[in-house]
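> this is the structure alone, sequence omitted:
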C-alpha cells in the first residue's frame with residue numbers, strides 16, 4: 001500500500017511540474033547549419049524591449065479663475081485629485097490627516113490676475129478631476145468650491161517613448177459663484 005502511495009505521489013509531482021513548466025530547458029536536438037550565402041550580409045539585431053514600472057503622462061493644466069462678474073479671483077487653491085480619491089466639491093473621503101497633507105503639498109494658488117499653472121506627472125487616464133477651493137475665508141470674498149471633470153483629449157504624443165505616454169495640455173476658464 002505504501003509503495004502504491006509513493007508511486008502515485010511521484011506521478012502527481014512530476015505531472016504538476018510538467019504543467020508548471022519545470023522541465024529541462026536544454027535541448028539535445030542538433031541544429032542544422034544554414035546554407036552558406038554567396039555574400040555574408042550582417043543582419044540587423046532584433047531587440048526585445050523589457051519595461052518595468054507604470055506608464056506616466058505629464059499633465060499641464062492652466063487657466064484663469066474669475067467670479068460671475070468676470071473679475072479675477074486671487075488665492076484660490078487648485079488641485080488635480082489622484083485616481084481613486086473619492087470626493088465631492090466640499091468633502092474628500094478618507095483619512096483626513098493624509099488628505100490635508102496631500103492637498104497642501106499638491107496645490108497651486110491663483111495669483112492677483114486669477115491665473116494658475118498646475119503641472120504634475122501621473123498615470124494616463126480618461127479624465128482628470130480638478131478641485132477648485134476657496135480656502136482663504138473672507139479675505140478675497142467667499143466662493144463655492146467646484147469639482148470639475150476634465151476629459152483627457154488632444155494628448156501631445158510627439159515625445160512619447162516606452163512608458164512615457166506624452167503630455168496633456170489644457171487651458172481652462174473657471175467661473176466661481178459667491179456663497
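The structure has been received and is ready for your questions. Note that the structure is a prediction, hence the values are computed from the model and not measured.

> is residue 170 in a helix, a strand, or coil?
Local secondary structure at residue 170 is given as strand here, using DSSP: H, G, I helix; E, B strand; the rest coil.

> where do the strands sit along the protein?
Ranges of strands within the chain are 56-67, 76-80, 108-109, 115-122, 127-134, 146-151, 155-156, 164-176, based on DSSP state E.

> most tightly packed of those strands?
Scoring the strands of the chain by mean neighbour count under mean count of other Cβ atoms under 10 Å gives strand 76-80 as the most buried, with a mean of 22. Using the backbone N, CA and C atoms, a C-beta is placed for each residue, glycine as well.

> so what strands line up beside that one?
strand 108-109 (antiparallel), strand 127-134 (antiparallel) (DSSP bridges).

> among the ones you listed, which is nearest residue 7?
Closest approach to residue 7 among these (Cβ to Cβ): strand 127-134, 60.8 Å.

> between strand 146-151 and the closest one, find me the angle.
An angle of 160 degrees separates the directions of strand 127-134 and strand 146-151 when computed by axes from the mean of the first three to the mean of the last three Cα atoms, to 10 degrees.

> just how off-centre is strand 127-134 within its chain?
In terms of Cα atoms, centre = their mean, to the nearest Å, the gap separating the centre of strand 127-134 from the centre of its chain is 17 Å.

> still on that earlier bit, to residue 83, which of the strands paired with strand 76-80 lies closest?
Nearest to residue 83 among the strands paired with strand 76-80 is strand 127-134; the distance by Cβ to Cβ comes to 8.8 Å.

> contact partners of that closest one?
Contacts of strand 127-134 from elsewhere in the structure, counted by Cβ atoms under 8 Å, 6 or more residues apart in numbering, are 59, 61, 65, 73, 75-81, 85, 87, 89, 92, 103, 118, 140-152, 168, 172, 174, 176.

> what's the neighbour count on residue 89?
Residue 89: 13 surrounding residues under other Cβ atoms under 10 Å.
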